[in-house]
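>>> Fold the following.
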Amino acid sequence: MFQKKDLPSVLFLALLIFIIVLTLCQILVVHRHDQRGYHLSKNQQLAQRKKMYHEMIGNYNFKKYKNIAKIEVFRRRIKSVIIMLSEQNNGMNIANDNGDVSAVIPTVREDDSMTLCDRVPPKLVGEISVQTCDTACRLESRLAVESGGYWKPATCISRHRVLIVIPFRDRWRHLTILLHNLVGMLQRQQLEFRILVAEQFGNATFNKGRLMNAAFLEAKKRFRFHCVIFHDVDLVPENDRNLYSCPWQPTHLSVAVDEMHYRLKYELLVGGVLAITSEHFQLVNGYSNEYWGWGAEDDDMAYRILLSGLRIMRPSAVVARYRMLRHEKREPSAWSSRTRLLKSVNKRFQMDGLINVPYRLVFSKDKPLFMHMMVDVGLPKEHDS
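The predicted structure follows:
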């Protein structure tokens, strides 16, 4: 039976239980706050993206930044022409006032009888079925590509010199399938192209932004190209009329993906396959270096494009169709950390990106169908010693 002398012990026990319960509640609240992105529905996340878009873009002086963009692109273009003329390079695509990038400045060529390739490539077939192939396939025996992933038309002068950058890690089968389908399509489009596969060194969390920035900088040291196409390894084109030529404005090519029911997921989407001129990529300062894990680095790029006075263009969804190769989805980074970075794009995009990407080139090797670069992009801050 309960005694008065037991009262202090009971009160102490009750107080201890109350403190434990209160502590557990606080831990759960904090945990849920940090992980709230995983509990938001897709529609709620899209609504947050649209809200951030209107908050950051709505009050921006676009006229001012468009003028700045035009001046900067013009300056870079003149510099490129001077370098080209001094080196007597074999042709150069220069965009005119209407955005036509196929105007070519003639220079001395080995074969003066060669003419420009047709504006509309004559051998396109339209819809193409995705051909699968295992890693044992000897693609190089069927595709006439030089070592290091370089090719140009033999009978005409290509109007576009394109660098294809594929950020990569442990997806050799997907890479084989992509190259098996992509190389032939690029050849039918009469493009002068080089394929560069940038693989992240080590086992740290993937950072696609740093990897693509590093690949661009290393390619600029070695090659001359007019534009770059950043291409996810798991997206395979289904129509060769979706041209990989150099655009006059940044162009999102992977508009319609089978996994998304061939519809654009949201208006700011530029992930998957993005084509952009070298001048424009330098103007927007490349990708952000701050996104670790999957997600949001492409949304950050969309804001950079708009804040730089440029536009996001897209081909028709009828031709810009892709098949996504099946794979295990990477766990996305926390929605809260992604939104914090996205909300600060307009304050940091000129200081965070191409101009300050930390990386180390581990090696660079010429493979039969591509140049393979192994790049060390460092570690997330929590892993830094």
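
>>> Show me which parts of stretch 343-356 are buried, residue by residue.
The neighbour-count check on stretch 343-356 (16 or more other C-beta atoms under 10 Å) flags 345, 346, 349, 352, 353, 354 as buried. No exception for glycine: its C-beta is placed from N, CA and C like everyone else's.

>>> Also stretch 11-26?
Buried residues in stretch 11-26, counting neighbours by 16+ other C-beta under 10 Å, are absent.

>>> export it as CSV, just CAs?
C-alpha atoms of stretch 11-26 as CSV (Å, rounded to 0.1, in the frame of the first residue of the first chain):
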residue,chain,number,x,y,z
LEU,A,11,7.7,12.4,-7.7
PHE,A,12,11.3,11.9,-8.7
LEU,A,13,10.4,9.0,-11.0
ALA,A,14,7.5,11.0,-12.5
LEU,A,15,9.8,14.0,-13.1
LEU,A,16,12.4,11.7,-14.7
ILE,A,17,9.8,10.2,-17.1
PHE,A,18,8.6,13.7,-18.0
ILE,A,19,12.1,14.8,-18.9
ILE,A,20,12.8,11.7,-21.0
VAL,A,21,9.5,12.2,-22.9
LEU,A,22,10.2,15.8,-23.5
THR,A,23,13.7,15.1,-24.8
LEU,A,24,12.4,12.5,-27.2
CYS,A,25,9.7,14.8,-28.5
GLN,A,26,12.3,17.5,-29.2
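
>>> circling back to that earlier point, CSV please, covering the buried residues of stretch 343-356 and showing secondary structure, pLDDT and distance to residue 147.
Shown next, in CSV, are the buried residues of stretch 343-356 (DSSP: H, G, I helix; E, B strand; the rest coil; pLDDT from 0 to 100; distance: C-beta to C-beta, whole Å):
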residue, secondary structure, pLDDT, distance to residue 147
345, helix, 85, 40
346, helix, 84, 44
349, coil, 88, 37
352, coil, 91, 36
353, coil, 93, 32
354, helix, 95, 28
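
>>> Looking at those, spot the one nearest residue 177.
residue 354 (30.2 Å; C-beta to C-beta).

>>> sec struct for residue 219, please.
Classification of residue 219 using DSSP: H, G, I helix; E, B strand; the rest coil returns helix.

>>> how about the strands of the stretch 51-200 of the chain, start to end?
93-94, 103-104, 150-151, 161-168, 192-200 (DSSP state E, counting those that start in this stretch).

>>> any idea which element residue 16 lies in?
helix 7-34 (DSSP states H and E).
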